[in-house]
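**Q** Predicted model follows, preceded by the sequence.
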Amino acid sequence: MLDRLEPQSPDALLALIKLHAADEREDKIDLGVGVYRTDDGATPVFKSIKAAEEALIGEQQSKSYLGPEGDLGFVHSLMPYIFGKDATMGGRIEGMQTPGGTGAVRLAAAVAKHAGATRIHMGTPSWPNHAQIFRDLDLEVAAFDHANADGTANLEAVLEAIRGAGENEAVLLHGCCHNPTGIDYTPAQWVEIAEALAESPALPILDVAYHGLGHGLEQDAYGVRRVLNAVDEALIAYSCDKNFGMYRDRVGALYVMAKNSSGLDPILSNLNALARASWSMPPDHGGAAVRLVLRDDTRRQQWLDELESMRNRLRWVRERLAAADNQVSGLDLAPLAEQNGMFAMLKLDKDQIARLREEHAVYMAGSGRINVAGLTKGNIDKFIAALADVAG
Ligand code: LMR
């Protein structure tokens, strides 16, 4: 039976990790997969997480099963940061732990499908795995343009998609730090998006994978909160990969906001059943460590400081690239200073991207996406010179 399977090409982004690792040039630059790097090019475990892990080893008495919902202490500890002071919206929001943000997106799409969804509208470009997950669940993907050529968000396109979306349809929106463009909706645009969603029968699915890496935890939650205040129900996928540095520990959560508190239980029972049928229960360690960060004042403050320094560094790289706009013709680097998070799209074609790799040892996604966190004080000048070479 299995020899009927068609070979699949490896995930392009993950393949890039191996390609970069095999390159022996010492001055190689990795701008591929989205992991944060310090100015030394390292991706260390957060100090706050290390401290929490040490505490966890001391206090954990059992590794017995928790259930499909995972560590609810972790799930609930995150909620005020995402949803604000009234973190349950009057008892209308509850969540469960998932294996990473990917697990949360997958569960969101699966429960939407179980509720009758047939199609998901999403701005493109998007994280390539979004469309892959939706198609794997036999959900049709309806694409609209996320960005304008000038590096701003295309408000008309998203509003048109929302207004055109029917019953049995969902709309996927990135909460902040858009992947791959870095182009977020402005607060004024979120107001219009929320109003359009309030009038629409479509289900909003909000993907929040970079919370705190744009302008701060509060500002980055603006769009999510605005939408939740306007609509009856929504799904919110959350990742701790980047803002707690938990990548391989797979720490995420899926939240649901129901029309009213009594509507939550049937939805949660479906989420539990779907989780049980897929991964049964999420891995515990990372979620427990995040809980121990958020529930201890010292560790929590340490995490907030670590997040702030990441944000400041990303801002520095963006400003440095934007300032190099006149050194590199045709790429329009100036808008990068206004964009957010770890990613930016450069207007490079396939040949230019290949030349960057072959001639300059610069590794980036074939789409033109760069992980700005891969740039440091030590390599950014070389990168700008390489861009000027291939783009000029
Ligand atoms: C990325 O877009 O690079 C990250 O979200 C990692 C991933 O899983 O693709």
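**A** Thanks, I have the structure now.
**Q** Which residues of the chain lie near the ligand?
**A** Counting by Cβ under 6 Å from any ligand atom, the chain comes close to the ligand at Leu13, Val33, Gly34, Trp127, Asn129, Asn179. Where you see a C-beta, it was placed from the backbone N, CA and C, and this is true even at glycine.
**Q** Quick check: of these, which lies closest to the ligand?
**A** Nearest to the ligand among the residues of the chain next to the ligand is Gly34, at 3.0 Å by Cβ to the nearest ligand atom.
**Q** which ones are touching the closest one?
**A** Asn179, Lys242, Met342, Phe343, Asn371, Ala373 (Cβ atoms under 8 Å, 6 or more residues apart in numbering).
**Q** Val158 too?
**A** Gly123, Phe144, His146, Val171, Leu173, Tyr185, Ile193, Ala196.
**Q** Any idea how many residues pack against Asp136?
**A** 12 (other Cβ atoms under 10 Å).
**Q** Oops, could you answer that again for Val171 instead?
**A** If we define neighbours as other Cβ under 10 Å, then Val171 has 26 of them.
**Q** what's the spacing between Ile82 and Tyr210?
**A** Note on Ile82: its distance to Tyr210, by Cβ to Cβ, to the nearest Å, is 13 Å.
**Q** Then Val75?
**A** For Val75, the distance to Tyr210 - Cβ to Cβ - is 19 Å.
**Q** between these two, who's got more neighbours?
**A** Under the neighbour definition other Cβ under 10 Å, Val75 and Tyr210 were set side by side, and Tyr210 has more, 28 against 23.
**Q** Just to check, the more buried one is in contact with Asn243?
**A** Yes - in this structure, Tyr210 is within contact of Asn243 by Cβ atoms under 8 Å, at 6.9 Å.
**Q** So which of the residues of the chain next to the ligand are in strands?
**A** Taking DSSP state E as the definition of strands, those contribute nothing to them.
**Q** Report the closest residue of the stretch 251-392 of the chain relative to the ligand.
**A** For the stretch 251-392 of the chain, Cβ to the nearest ligand atom, closest residue to the ligand: Asn371, 6.7 Å.
**Q** residues in contact with Ala52?
**A** With Cβ under 8 Å, 6+ apart, Ala52 has these contacts: Ala289, Val290, Arg291, Leu292, Val293, Asp296, Arg299.
**Q** For PyMOL, write the select line for the buried members of those residues.
**A** Of the contacts of Ala52, the buried ones go into a single PyMOL selection, burial set by 16 or more other Cβ atoms under 10 Å:
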select buried, resi 289+290+291+292+293+296+299
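**Q** could the contacts of Ala52 go into TSV alongside pLDDT and secondary structure?
**A** Below are the contacts of Ala52 laid out as TSV (pLDDT from 0 to 100; DSSP: H, G, I helix; E, B strand; the rest coil):
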residue	pLDDT	secondary structure
Ala289	98	helix
Val290	98	helix
Arg291	98	helix
Leu292	98	helix
Val293	98	helix
Asp296	98	coil
Arg299	98	helix
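**Q** okay, the residue of the stretch 201-350 of the chain found nearest the ligand: pLDDT?
**A** Taking Cβ to the nearest ligand atom, the ligand has its nearest neighbour within the stretch 201-350 of the chain at Ala209, 6.3 Å off. Looking at Ala209, its pLDDT is 98.
**Q** neighbours around the residue nearest to it when sequence neighbours are not counted, how many?
**A** In space, and not counting its chain neighbours, Ala209 is closest to Ser239: 4.1 Å by Cβ to Cβ, 6 or more residues apart in numbering. By other Cβ under 10 Å, the residues close to Ser239 number 25.
**Q** Can you name the residues bridging to Ser239?
**A** In this entry, Ser239 is beta-bridged to Gly252, by DSSP bridges.
**Q** pLDDT at it, what is it?
**A** pLDDT, Ser239: 98.
**Q** circling back to that earlier point, now, the contacts of Gly34 that are in strands?
**A** Phe343, Asn371.
**Q** As TSV, the contacts of Gly34 with distance to Glu6 and pLDDT would be great.
**A** Formatted as TSV, the contacts of Gly34 follow (distance: Cβ to Cβ, whole Å; pLDDT from 0 to 100):
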residue	distance to Glu6	pLDDT
Asn179	28	98
Lys242	33	98
Met342	33	97
Phe343	31	98
Asn371	31	97
Ala373	35	98
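**Q** Can you tell me which of the contacts of Gly34 are classed as buried?
**A** Asn179, Lys242, Met342, Phe343, Asn371, Ala373.
**Q** can you map out the helices along the stretch 51-200 of the chain?
**A** 72-83, 100-114, 128-136, 155-164, 187-199 (DSSP state H, counting those that start in this stretch).
**Q** Of those helices, flag the one that's most buried.
**A** Greatest average neighbour count among these goes to helix 100-114 (a mean of 23), per mean count of other Cβ atoms under 10 Å.
**Q** pLDDT (mean, whole number) over that one?
**A** 98.
**Q** how close does the residue nearest to Leu155 when sequence neighbours are not counted sit to the ligand?
**A** In space, and not counting its chain neighbours, Leu155 is closest to Gln189: 4.9 Å by Cβ to Cβ, 6+ apart. Separation of Gln189 from the ligand (Cβ to the nearest ligand atom, to the nearest Å): 23 Å.
**Q** Using the record's assignment, carve the protein into domains.
**A** 9-45+312-391, 65-295 (automatic domain parsing).
**Q** low pLDDT regions in the stretch 151-300 of the chain?
**A** Across the stretch 151-300 of the chain, not a single residue meets the criterion (pLDDT under 70).
**Q** what are the ranges of the strands in it?
**A** 169-174, 203-208, 234-239, 251-257 (DSSP state E, counting those that start in this stretch).
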